[in-house]
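Asker: Next comes the sequence, and after it the predicted model I'd like to discuss.
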Amino acid sequence: MIRALIVDDEPLARERLRTLLAREPDVTLVGEAGDGAAAVRAILEHRPDLVFLDVQMPEIDGFDVLEAVADAPAPAVIFATAFDRHALRAFEVHAIDYLLKPFDRARFAAALDRARVELARGEAAAPRLLAMLKGLSAHRPGARRLVVRDGGRVFFLPVDEVDWIEAAGNYVRLHAGAVQHLVRETMKSLAERLDPAVFARVHRSAIVNVDRIREMRAGFHGEYEIVLRSGARLQSSRGYSARLHALLDGRS
């Protein structure tokens, strides 16, 4: 029996999928979610085999959901989306399948059949999802939220609340006002997901939100002392100073 979960912010879309799944004797619907935060909770609680996942949802979209549950056993995913076919090329390679809204019963049946085959093979879905997230990074704007895991809790931190980011081994420490969050990710991978017009690498171990810079004090060898609105002081290295200076000039 395939345990399925529906995630879509449109009630009519959820009803459509629910009706179609009710005709499938080998599928049990274990839950529904109408937003990204509820989807994360449902996936972690129910551990479904298959998720019908809407890509475009307000606040927390389908990609954020997958990132938030990346440490849990990964379900198979069929995307439900209104993206055009050009944009869909990126996840045709890694997702089980996709349903381009509006879809008919035949297209739904084909996607579900493909999921049955993949699930019967017993292949691990986690590598597929991680590869998909990496492949889609070029098609998405800079991340709007960062996933923070704190014990059994998962929450989303808006990137515009982050003052600066500090390397901490295989982790990064997010400084947001007086609060710090430790996230398991490398500086390199995080930098690739952030908007380069907002976040600048100023040192191999520091990334700064340029909107949080209060002043910069030039040193003798091309480096800068960076003073943030929070009062934090960072030191840029010479190799990154030119990029930081150009970015600030472009925003002035």
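Answerer: Received it, and whenever you're ready, just let me know what you need. Being a predicted model, the structure only gives us computed values, none of them experimental.
Asker: make it CA atoms for all contacts and neighbour counts henceforth
Answerer: Fine.
Asker: how near is Arg243 to Ala37?
Answerer: 36 Å (C-alpha to C-alpha, to the nearest Å).
Asker: Between those two, which is the more surrounded one?
Answerer: Remark: of Arg243 and Ala37, Ala37 carries more neighbours, 18 against 14, as counted by other C-alpha atoms under 10 Å.
Asker: May I see the buried residues of the longest helix anywhere in the chain?
Answerer: The longest helix of the chain (DSSP state H) is helix 105-121. Within helix 105-121, the residues that count as buried by 16 or more other C-alpha atoms under 10 Å are Phe108, Ala111, Leu112, Ala115, Arg116, Leu119.
Asker: Pipe those residues into a markdown table and attach pLDDT and distance to Val30 per row.
Answerer: Formatted as a markdown table, those follow (pLDDT from 0 to 100; distance: C-alpha to C-alpha, whole Å):
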| residue | pLDDT | distance to Val30 |
| --- | --- | --- |
| Phe108 | 96 | 19 |
| Ala111 | 92 | 19 |
| Leu112 | 95 | 16 |
| Ala115 | 91 | 17 |
| Arg116 | 93 | 17 |
| Leu119 | 89 | 17 |
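Asker: Output those as a markdown table; include the columns distance to Ile2.
Answerer: Formatted as a markdown table, the buried residues of helix 105-121 follow (distance: C-alpha to C-alpha, whole Å):
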| residue | distance to Ile2 |
| --- | --- |
| Phe108 | 15 |
| Ala111 | 14 |
| Leu112 | 10 |
| Ala115 | 10 |
| Arg116 | 8 |
| Leu119 | 9 |
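Asker: closest to Gly31 among these?
Answerer: Among the buried residues of helix 105-121, Leu112 lies closest to Gly31 (C-alpha to C-alpha), at 17.2 Å.
Asker: Run through who's touching the longest helix of the chain.
Answerer: Leu20, Asp49, Leu50, Ala76, Ile78, Ile96, Asp97, Tyr98, Leu99 (C-alpha atoms under 8 Å, 6 or more residues apart in numbering).
Asker: again, 6 Å this time
Answerer: For helix 105-121, the external contacting residues (C-alpha atoms under 6 Å, 6 or more residues apart in numbering) are Asp97.
Asker: Also stretch 58-67?
Answerer: Everything outside stretch 58-67 that qualifies as a contact, by C-alpha under 6 Å, 6+ apart, is Gly36, Val40, Asp54, Val55.
Asker: Name the residues of stretch 65-75 that are buried.
Answerer: Val65, Leu66, Ala68, Val69, Ala74, Pro75.
Asker: From start to finish, how long is stretch 222-232 in a straight line?
Answerer: Using C-alpha to C-alpha, the end-to-end distance of stretch 222-232 comes to 20 Å.
Asker: Over to stretch 225-232?
Answerer: Stretch 225-232: ends 10 Å apart by C-alpha to C-alpha.
Asker: nearest residue to Val227 other than its sequence neighbours?
Answerer: Closest residue in space to Val227, ignoring its immediate chain neighbours: Arg233 at 4.7 Å, by C-alpha to C-alpha, 6 or more residues apart in numbering.
Asker: and if you look at Ala72?
Answerer: Going by C-alpha to C-alpha, 6+ apart, Ala72 has Leu44 as its nearest residue, at 7.1 Å.
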